[in-house]
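> here you go, sequence then predicted model.
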Amino acid sequence: MTRKPWRAGKDLSTVVENMEIGTGQRGDGRHAFVTREELVGLKLARRRTSGGASYALNPGIEIDSTLMTVDFPTKPLNFKATGGFGSVLLEWDMPNYRGHSLTEIWRGTEDDLADAVLVATTPGQVYGDPVDPGWSGFYWIRFVNAAGVKGPWNAEKGTQAQTQIGVKAIIDQIRDEAAKSPVVSELRKEIKNAQGLAVKDAAIKTTEVVGTLREETTRTIGGIETRISTLDSSTSESLNEVDKRITKLDKEGGEAFLAMWSKKAGVDGITAGIGIVAGKDSEGRPVSQVAISASQLFVFDPNNPDNTAYPFAVSGGKVVIPKAMIYDAVIETLVSRKVVAD
């Protein structure tokens, strides 16, 4: 019996020597590996007619693919398309007919198969189609067997898919829309005017006080004492008046708490408004609500009117938040470009 040339062991030198023997680089080549394709070429094996690429290591002759027994392609099942940010993930069930070769993937911007174009072919059952963010379109697929025969489409109606718009693009769009909003510009204008008027009013009052002090310092001590007594009486009356105003304000505030306040603007059938209600319902439960009627909502910092960043906005039925810190969140569908987990 011929001694086997293989060395036992797991060290690197043993593995290298065995690989050199198997590839014919060491020895006379009698123990070199023989591939399955070489067996087919020597008519010692034949390919199986199943959809896989395995070989039957039985004596026989090679069967050419043109002579293989293949079935007519079946209709694709459970085809679905899921849009991400820059690609669409396509999935379908793997066919089980004999002689399957590949799957054709067709794409169109309209739900019309006549205008669709072939974008890819794949032997698998999953494909990622790269498209632009915010793209919308339709897909169709069909199977092709080893003889080149094409099967039926998965459906006459296309499977719709849409990729997500980049978050940065949405934020930039919100910033542009808010910059063109007349109410935002008006609020910023009022804030600036209020600040300017406050400074001007403070300067006038300061000048008046300084002038009065200068005038008062030239008076006699007796006159000053008289005026001080008068000032005390006037101050006391003023404080009493302030108390009355606060009491009245509290009373009116209590009455308003049980009522509803609203403000609405409209032109040519287009309306916008805001409402506040506080009180109790018919069962005595507390009710505290704020409602806004608008197609777009912008929130900005009133203490920094020159800042164009909007930490919170609602536009087109979507809430846009550039930055958020959430302790506990429940999300049914999540589409993310980048995920960092700890």
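Nice, I can see it.
> what stretches of the chain score poorly on pLDDT?
Under the criterion pLDDT under 70, the flagged ranges of the chain are 1-2, 46-68, 177-260, 305-309, 330, 332, 337, 341-342.
> got the domain ranges for it?
When the chain is parsed with automatic domain parsing, its domains come out as 12-67, 80-164, 182-219+256-264+271-320.
> who wins for proximity to Gln173 among the ones you listed?
domain 182-219+256-264+271-320 (7.6 Å; C-beta to C-beta). Where C-beta positions appear, they are placed from N, C-alpha and C, glycine not excepted.
> with distance to Asp328 as extra columns, can I get the domains of the chain in CSV?
Shown next, in CSV, are the domains of the chain (distance: least, C-beta to C-beta, whole Å):
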stretch, distance to Asp328
domain 12-67, 48
domain 80-164, 24
domain 182-219+256-264+271-320, 18
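> most packed of those domains?
domain 80-164 (a mean of 16; mean count of other C-beta atoms under 10 Å).
> can I take it that Glu38 is in a strand?
No: secondary structure assignment (DSSP: H, G, I helix; E, B strand; the rest coil) places Glu38 in helix, not in a strand.
> for Gly141, what are its contacts?
Just to correct that, residue 141 is Ile rather than Gly. Listed by C-beta atoms under 8 Å, 6 or more residues apart in numbering, the contact partners of Ile141 are Pro76, Phe79, Leu90, Trp92, Thr103, Glu104, Ile105, Trp106, Trp153, Asn154.
> biggest separation within those residues, which pair?
Most distant of the contacts of Ile141, by C-beta to C-beta, are Leu90 and Trp153, 14.0 Å apart.
> re the thing from before, closest to Leu334 out of the domains of the chain?
domain 80-164 (11.0 Å).
> start and end of that closest one, how far apart?
17 Å (C-alpha to C-alpha, to the nearest Å).
> cool, stretch 18-29 as well?
12 Å.
> which residue, other than its chain neighbours, is closest to Pro130?
Once flanking residues are discounted, Pro130 sits nearest to Ser87: 4.8 Å by C-beta to C-beta, 6 or more residues apart in numbering.
> how near is that neighbour to Gly137?
12 Å (C-beta to C-beta, to the nearest Å).
> okay, and the common contacts of those two?
Val131.
> I'd assumed Pro95 was in contact with Pro123.
No: counting by C-beta atoms under 8 Å, Pro123 does not reach Pro95; the two are 10.8 Å apart.
> what are the ranges of the helices in the stretch 51-200 of the chain?
167-179, 182-217 (DSSP state H, counting those that start in this stretch).
> just to revisit the earlier point, select, out of the domains of the chain, the one closest to Asp176.
Closest approach to Asp176 among those is made by domain 182-219+256-264+271-320 (9.7 Å; C-beta to C-beta).
> that older thread, out of the domains of the chain, which is closest to Val340?
Minimum separation from Val340 across those (C-beta to C-beta) falls at domain 80-164, 16.2 Å.
> beta partners for Gly128?
Leu89 (DSSP bridges).
> what's the closest non-adjacent residue to Gly99?
Nearest one to Gly99, counting by C-beta to C-beta, 6+ apart, is Val70 at 2.6 Å.
> scratch that, Trp135 is what I was asking about
Per C-beta to C-beta, 6+ apart, closest to Trp135 is Thr163, 4.9 Å.
> distance of that neighbour from Val15?
Distance from Thr163 to Val15, by C-beta to C-beta: 48 Å.
> same check, this time on Ala32
Where Val15 is concerned, Ala32 sits at a distance of 16 Å (C-beta to C-beta).
> then Thr103?
For Thr103, the distance to Val15 - C-beta to C-beta - is 40 Å.
> and stretch 328-335, end to end?
18 Å.
> neighbouring contacts of it?
Applying C-beta under 8 Å, 6+ apart, the set of residues contacting stretch 328-335 is Gly83, Gly84, Phe85, Gln164.
> would you format those as a markdown table with distance to Asp11 included?
As requested, those are arranged in a markdown table below (distance: C-beta to C-beta, whole Å):
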| residue | distance to Asp11 |
| --- | --- |
| Gly83 | 52 |
| Gly84 | 47 |
| Phe85 | 49 |
| Gln164 | 53 |
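> so Lys280 sits right up against Val287, yeah?
Yes: applying C-beta under 8 Å as the test, Lys280 and Val287 come out as touching, 6.1 Å apart.
> show me what contacts Ile171?
Val320, Pro322.
> how close does it sit to Phe312?
Counting by C-beta to C-beta, the gap from Ile171 to Phe312 is 11 Å.
> what's the overlap in contacts for these two?
Val320.
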